[in-house]
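[1] quick one, structure for this:
(chains A and B)
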Amino acid sequence: GAVVSQHPSRVICKSGTSVKIECRSLDFQATTMFWYRQFPKQSLMLMATSNEGSKATYEQGVEKDKFLINHASLTLSTLTVTSAHPEDSSFYICSARGPRQGPQPQHFGDGTRLSIL
Amino acid sequence: DQQVKQNSPSLSVQEGRISILNCDYTNSMFDYFLWYKKYPAEGPTFLISISSIKDKNEDGRFTVFLNKSAKHLSLHIVPSQPGDSAVYFCAATSGSARQLTFGSGTQLTVLP
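    Take a look at the predicted model:
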């Protein structure tokens, strides 16, 4: 089945640091990837849609200068949390959708636990 | 405005019995529905999906039912196993962008 790899799985860093999270589709080409954020005991909230070769589309309330997304190839999207602060601490999860037309499930990475001290 | 709702935060079921997880939605534009299973500190795992042109889809122990008039879907797991214990999210999508809107999740506990 479709496999999505997300790295790193956990990051602990000081306030003001920028953190990059990678999301790779391992056995398929992903024209569209999605970045979600999950707070404890809450649902997954879509942050942005990443399209290969074009700018990401951000959801309302998500700062695009804070959360930089790059989708330079059909197998890799990156999320960079710039100048991270404690309120950015969360569980970040990416998903990928393949190029096939029509309804199909998104496949998720294992998430990145980001802790900002 | 929650477009996808899972009103039961938790459910406990005896091993071997049926687990029924429910989900309601408000957006009539949704045309594809999915169920995901999630363990702590892991990403969601896709379980089963259903298109709005169907009312039932079955895959092994998992069956999803869709009632469009009631804007309601349910996931049936039978027989339930202890390994099924996890948080289950329903999700819905519409249009070509295929962004998922998730419910708040239901913690299923299958008791041995």
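[2] around A:Q29, how many other residues sit close by?
    12 (other Cβ atoms under 10 Å in any protein chain shown). Heads up, the C-betas are built off the backbone N, CA and C, glycines and all.
[3] look up the closest residue to it, ignoring the ones flanking it.
    A:L74 (3.9 Å; Cβ to Cβ, 6 or more residues apart in numbering or on different chains).
[4] with B:E15 instead?
    B:P112 (5.2 Å).
[5] B:G105 against B:Q6, yeah?
    Yes: if you go by Cβ atoms under 8 Å, B:G105 and B:Q6 touch, sitting 6.1 Å apart.
[6] quick one: residues contacting the residue nearest to A:Q29.
    A:S25, A:Q29, A:A30, A:T31, A:E52, A:P99 (Cβ atoms under 8 Å, 6 or more residues apart in numbering or on different chains).
[7] which neighbours do B:G105 and B:Q6 have in common?
    Taking Cβ under 8 Å, 6+ apart as the criterion, B:G105 and B:Q6 both touch B:Y88, B:F89.
[8] what bits of chain B have low per-residue confidence?
    Applying pLDDT under 70 to chain B picks out residues B:96-97.
[9] get me the contact residues on it for chain A.
    B:31-32, B:34, B:36, B:41-46, B:49, B:51, B:89, B:93, B:97-105 (Cβ under 8 Å from any Cβ of the partner chain).
[10] from these, which land in strands?
    Assigned to strands by DSSP state E, the following of the residues of chain B next to chain A qualify: B:Y32, B:L34, B:Y36, B:T45, B:F46, B:S49, B:S51, B:F89, B:T93, B:T101, B:F102.
[11] of all the residues you listed, which comes closest to B:D1?
    B:T101 (10.6 Å; Cβ to Cβ).
[12] against B:N27, how distant is the closest one?
    Per Cβ to Cβ, to the nearest Å, B:T101 is found 8 Å from B:N27.
[13] overlap in contacts of these two?
    With Cβ under 8 Å, 6+ apart as the test, B:T101 and B:N27 both reach B:Q3, B:A92.
[14] compare B:G105 and B:Q6 (neighbour count), which wins?
    B:G105 (24 against 20).
[15] quick one: that one from B:Y36, how far?
    Counting by Cβ to Cβ - B:G105 and B:Y36 are separated by 9 Å.
[16] show me what the residue nearest in space to the middle of chain A is bridged to.
    The centre of chain A sits closest to A:W35, judged by Cα atoms, centre = their mean, with a distance of 3.4 Å. With DSSP bridges applied, A:W35 shows beta-bridge pairing to A:A48, A:C94.
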